[in-house]
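# structure of the sequence below:
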Amino acid sequence: MYLPGSGSNFPLSGDQAGRFAVAQAVAEHQFVQRDVELQRFWSALWRRKRLLAAVFFGFIAVVAAFTLLQPKHYTTQVRLIAGNGGAVGDPNANTSLPLLNALISQTGVQTSETYAELLYESPIASEVAQTLNLPLTADQLLSHVAIKPVTNTNIISLAVTWRDAATSAQIANTFADVFVDHQRKMISRQADSALAFLEQQLPQAQVHMRSAQNALAAYEVRSGIADLQTQMQTDIASMAALEQKQQQAELEAHQAQAQLATVQQLLASTPQTIVGERNVAENPVTGALETQIAQTEVDLNSARQQYTESHPAVVALEQKLAQLKREASSHSETVVAGSQTVPNPVYEQLKQQEAALQEQLSAAQAQAATAAAQRKGAQPKLDELPAKSRRIGDLQREAKVAEGVYGALEQKYQDALIARTTALSDVTITQPADPRVATVSPNFAFNLSIGIAIGLVLAISTVLLIEYLDDRFRTESDVRERLGLPVLATIPAFAVTDGGDKDAARPLSLESFFQLVTSLRYSSSKPPRTIAVTSADQSEGKSTIAVNTAISMGMMNARVLVVDADLRRPTLHTKLGVDNDRGLSDVLVGVLPLKKAVRPSGHKGLWVLTSGRPAPNPVELLQGDTFDKLLAEARESFDIVILDAPALRSIVDGLVLGIKADGTLLVVSSSKTTGRAVNGAIEKLRSVSGLNLIGVVLNEAGVENPQYSNYSLGNGQSIALPPAVIGAGTGPGVTATK
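Below is the predicted model:
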């Protein structure tokens, strides 16, 4: 054996060839199985196409109606970036002001989530509402706002939903402007405190410095002393350094005290916690009022069609509608369903700054006390100097100290001024809200596309679920796979009405019965001459199948006798249009011989033995030897004997007839018979030894768009169903046409 492939062939050993053949067979079986499953799937969808279309288009209609009835809302968004570069927020941009350095350091580590929480503060919302003259409280305005920090970035998205796009964009942009200004004021407020203190101290330090310099110059002129000894200069310089250190420490203590007072003032006006995440939900009162308004409008329209405008019923409904609309307008569309309180990051920062300033104040006071003690210890040494030298030293020291203090204050003033100037804000608007790009909700196109997808899935799922729960037999493959029995023929179902095209159905019906006759003829090496036709339950078309099979056999030049063996519910006399004054029961009780009970049916090659007069015990009559003799006599006079047997559900008549016949046909209705009923009937038939179950006839099967024409008998002549073929595929109760 060779492995098939393009190019060259590769020889395979015996084991390899066997494994390859098995693998190939398995693959072919899987392919056929997939093809069968796919065919079943499409068949189920096509068979229930009306249900599929109803569910699909019904769901789309519901989605479209819901979308159109919902009020439209417009959402615009503004994007901000928090913690931008520059002097503010840069931990390396230190100044000589400890308080300002601490604030800058804290600003640099804040995340976008912190700024998002600050945006939810009520003062900001209140300022926005006041700026735009909105008749809303802070909480009501915040219910229309959605703030979302972008993950792993410093970007914050602020979206506002409103009834019109212009107002939505205006509120969003105002929110951003107010927040930027709020951040700028919060940062610059610390620098303003330092500047206010320095602006008070600088003029005094300047006057003190100039006074000291003038005093030194005047004394030097009067005393004529321009230089001091090195030791004196060293002592004076040391004393001056101590005095400068003391004054510097006292100055820093005063500055820290002033800044501490400012921070404590801010702490008193800053809340310890802020509202974090808010859950906004639709106001249930508004929804209930809208439902009542819709119902009242329907009642009003109905009343106007029946009465005039002045009718009391119409007037009462109009007043009720006006009252409901007034109540609906007085309620907000949304309410805050819940909120979460989180620590205020600004309050935490101010507490840290308060602790740092208190520590700085304590350190400055301790340093001033140390310098004062050192000065006190060095003062006796200076007292030993000559008076003039000491006076010059004092004046030089005072001038140097005053110059140093003034220089330090001036440097601190410049640092604070630069800090306030550069600290504009650490929040920047990167993309303002634009009403032209507002998103509209609900989005009809989006909802419709989602509705189409979900509707298609829902429709297919509904069809497949119903198909799964439907236990009936639809096709021949269902019968073969579930019952393991051959299908001799499939009789189509036709809804023939007075206005329908009956001629289009007749060729297919006749062809189906010819197929059944052929299947019976070749069902075994010895074709059955006595055939019992039964079903699992009543109203499955067994009598119709029996009589039309007999008619078809008669048309093929066979002598056929059809016997109505259903002595409890006979129907053949009605279908063939003959009297039932004599028949099978009369023969079995010995009132008439078979020859006198049998009568022509009016169709070629077909005779009929009706049920006859009602019998008291049908089972006893069918089990007796008289019925066996009747069948033997019928076989001598006719080529084929067809027994219309009762259904198998609750009586044993059908089993008795199946035992006495050469073969039994089981009729299964595609539209009525369930799997449980058929399995029960087959178990009854197989429980009886000697009963030959030939196969199944699938009745009332669905046919999709049949287009049949020019059917012939093999000699070029077309066949048309004569009036003899009765109610094919329509079940019992169809009256024969004579």
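# quick check: mean pLDDT of the lengthiest helix in the chain?
When the chain is parsed with DSSP state H, its longest helix is helix 165-223. Helix 165-223 shows a mean pLDDT of 79.
# mind giving me the packing neighbours of it?
Where contact means 3 or more Cβ pairs under 8 Å, 6 or more residues apart in numbering; DSSP states H and E, helix 165-223 is packed against strand 73-82, helix 98-109, helix 112-119, helix 122-132, strand 155-162, helix 230-269, helix 387-422, strand 427-431. Every C-beta, even on glycine, is put in place using the N, C-alpha and C of the backbone.
# just the residues contacting the first one, thanks.
This means strand 73-82. Strand 73-82 has contacts (Cβ atoms under 8 Å, 6 or more residues apart in numbering) with 110, 112, 114-115, 154-165, 168-169, 172-173, 175-176, 179-180, 426-435, 437-441.
# in ChimeraX, select just the buried ones from these.
In ChimeraX, a selection of the buried entries from those looks like this (16 or more other Cβ atoms under 10 Å):
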select :110,112,114,115,154,155,156,157,158,159,160,161,162,165,168,169,172,173,175,176,179,180,426,427,428,429,433,435,438
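# how about the contacts made by residue 272?
343-344, 347.
# which of those has the most neighbours?
Counting neighbours by other Cβ atoms under 10 Å, residue 344 leads the contacts of residue 272 with 19 neighbours.
# residues in contact with that residue?
So residue 344 contacts 270-274 (Cβ under 8 Å, 6+ apart).
# before we move on, the earlier item: give me the distance from the longest helix of the chain to the chain's centre.
59 Å (Cα atoms, centre = their mean, to the nearest Å).
# now the angle between helix 112-119 and that helix, please.
100 degrees (axes from the mean of the first three to the mean of the last three Cα atoms, to 10 degrees).
# list of residues touching stretch 204-212?
Counting by Cβ under 8 Å, 6+ apart, 395, 398-399, 401-403, 405-406, 409 sit against stretch 204-212.
# need the CA coordinates for stretch 370-381. CSV is fine.
The C-alpha trace of stretch 370-381 is given here as CSV (Å, rounded to 0.1, in the frame of the first residue of the first chain):
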residue,chain,number,x,y,z
THR,A,370,21.5,78.2,73.5
ALA,A,371,22.8,81.3,71.7
ALA,A,372,21.7,83.6,74.5
ALA,A,373,23.4,81.4,77.1
GLN,A,374,26.6,81.4,75.0
ARG,A,375,26.5,85.2,74.7
LYS,A,376,26.0,85.6,78.4
GLY,A,377,29.1,83.4,79.0
ALA,A,378,31.2,85.5,76.5
GLN,A,379,30.1,88.9,77.7
PRO,A,380,32.6,89.2,80.7
LYS,A,381,35.5,88.8,78.3
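# buried residues in it?
For stretch 370-381, by 16+ other Cβ under 10 Å, it's 371-372, 374-375.
# follow-up on the earlier one: hmm, which of the contacts of stretch 204-212 is lowest in pLDDT?
Comparing these by pLDDT, residue 395 comes last, at 75.
# residue contacts, that one?
Going by Cβ under 8 Å, 6+ apart, the list of residues near residue 395 reads 212, 215-216, 219-220.
# can I get those in a markdown table including neighbour count and distance to residue 466?
Formatted as a markdown table, those follow (neighbours: other Cβ atoms under 10 Å; distance: Cβ to Cβ, whole Å):
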| residue | neighbour count | distance to residue 466 |
| --- | --- | --- |
| 212 | 20 | 106 |
| 215 | 15 | 112 |
| 216 | 19 | 112 |
| 219 | 16 | 117 |
| 220 | 16 | 117 |
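# run a quick neighbour tally on residue 570.
21.
# please apply the same query to residue 131.
Using other Cβ under 10 Å, the number of residues around residue 131 comes to 14.
# residue 568: which of the contacts of residue 395 is nearest?
Using Cβ to Cβ, residue 212 comes nearest to residue 568 of the contacts of residue 395, at 139.2 Å.
# apart from its chain neighbours, what residue comes closest to residue 533?
Nearest residue to residue 533, sequence neighbours excluded (Cβ to Cβ, 6 or more residues apart in numbering): residue 546, at 4.1 Å.
# in which helix or strand would I find that neighbour?
Residue 546 belongs to helix 542-555 when assigned by DSSP states H and E.
# next SSE downstream of that helix?
Past helix 542-555, the next helix or strand by DSSP H and E is strand 560-564.
# quick one: low-confidence parts of the stretch 551-700 of the chain?
Judged by pLDDT under 70, the stretch 551-700 of the chain has no weakly predicted residues.
# good, wrapping up.
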